Structures are given as structure tokens and as C-alpha cells.
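Asks: Sharing a sequence plus its predicted fold:
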Amino acid sequence: MRTTAERLAWARGLCGKAQLRMTPARERILGYLARQRMPVNLDTITEADEIRGLCDPTTVYRSLMLLNELNVVRQVSVRPKIRYFILNVSAETSAYLICRCCGAVSELPPLRQAFDLERHVTTVRGYAEVYHELELYGVCPECQRTFKRGVPSHKLPVRV
């Protein structure tokens, strides 16, 4: 796994290749995301110390969408209308366990089978810049305790 400085340099390099003007807001958003190993949502990014007061949530969102189009950032969709963001650093793969009730995100250990599949896609199919992102959805123990009164899991309410 790369260091924060390496991740930030990678992101800046990709932005430079795309000739994206690096505004103070974009620079700080990238700096913040370079330090994160887990996906973070818009509110968390907007409220980060180095970003709060510099720009509003709309500017942060537009910057994230632009960075997403350039493949600098990728989205992890937790539930409809709730998106988490993480740097899309090449050769960094990830697996997440996401609660479909409360939206809690936790990291899963790497799966050898996923890496074997990546290798197959690269060597046999000829693809380049292959990475994987695995998202497993379920109901966390906390939400199970909250809604354990016989409510089928597919009917559990979505909490914000």
C-alpha cells in the first residue's frame, strides 16, 4: 500500500495529465482523500478541518464528480443517494462490508481469488490497469439488535 505522499502525488499527476486546474479546494480535497484508507461521504469531506470554511458542499460535490470523471476518485454507493468517495489509486484494491440499514462501511481482508481473477483478466484477456473493488452488503449486528423483533431483513428501514 502506498504512503499518503505517494497517493497524493499519484492524484496530482493524473490531474496534471488531464490539464485540470488545481484550485485550493481541489488540492485540499485530494490531500484529505490521500490520507483516507476507507471511503468517506460528502459530509465528512466537507466538514474536514482543512476544507471546512474554504468551500461549500456544492463545490466539494462538483469537484468530486469531476475527479470521478477523470478516474482520480471512485464512488462507493452505500445506499441510494448516499455515496462514499475514495482515491482510485492504481494497484490498490479494496473490499468493503456495508450495512444496508445504517450505511456503516468496514474493510474486509484481501481475497486471493479476486487477485487470481485480476491476473487472469490481465494475462489471458489482455486487459490493462485492472483493479477490483468488492462490496458485500448485509445488516450489521447493531441494526440486527435494533430491528430483531421478527422483521424480515429485506423490510428493514433505511436509517440515515
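Replies: Thanks, I have it. Numbering: from 1, shown residues only.
Asks: ok, now which ones touch the closest residue to L20 other than its chain neighbours?
Replies: The shortest distance from L20 to any non-neighbouring residue, by Cβ to Cβ, 6 or more residues apart in numbering, is to L70 (6.6 Å). Just so you know, the C-beta spots here come from the backbone N, C-alpha and C atoms, and that holds for glycine as well. Going by Cβ atoms under 8 Å, 6 or more residues apart in numbering, L70 touches L14, C15, A18, L20.
Asks: Would you check that the second one makes contact with M22?
Replies: Yes - using Cβ atoms under 8 Å, C15 is in contact with M22, at 6.2 Å.
Asks: ok, those two, which is more surrounded?
Replies: C15 (19 against 11; other Cβ atoms under 10 Å).
Asks: what about that one, which helix or strand?
Replies: helix 4-17 (DSSP states H and E).
Asks: Show me what the helix or strand following that helix is packed against.
Replies: Next along the chain after helix 4-17, taking DSSP H and E as the criterion, comes helix 24-35. Here helix 24-35 touches helix 4-17, helix 42-46, helix 57-69, strand 82-87, going by 3 or more Cβ pairs under 8 Å, 6 or more residues apart in numbering; DSSP states H and E.
Asks: Residues in contact with helix 24-35: which ones?
Replies: Under the criterion Cβ under 8 Å, 6+ apart, residues 4-5, 7-8, 11-12, 15, 20, 40, 45, 48, 50-51, 54-55, 59-60, 63-64, 67, 72-73, 85-87 lie in contact with helix 24-35.
Asks: I'd like to know which of the residues you listed are buried.
Replies: Among these, those scoring as buried are 7-8, 11-12, 15, 20, 40, 45, 48, 51, 54-55, 59-60, 63-64, 67, 72-73, 85-87 (criterion: 16 or more other Cβ atoms under 10 Å).
Asks: okay, now the domains of this protein?
Replies: Per automatic domain parsing, the domain ranges recorded for the chain read 1-92, 93-160.
Asks: on that earlier part again, quick check, pLDDT for the residue nearest to L20.
Replies: Note on L70: pLDDT of 94.
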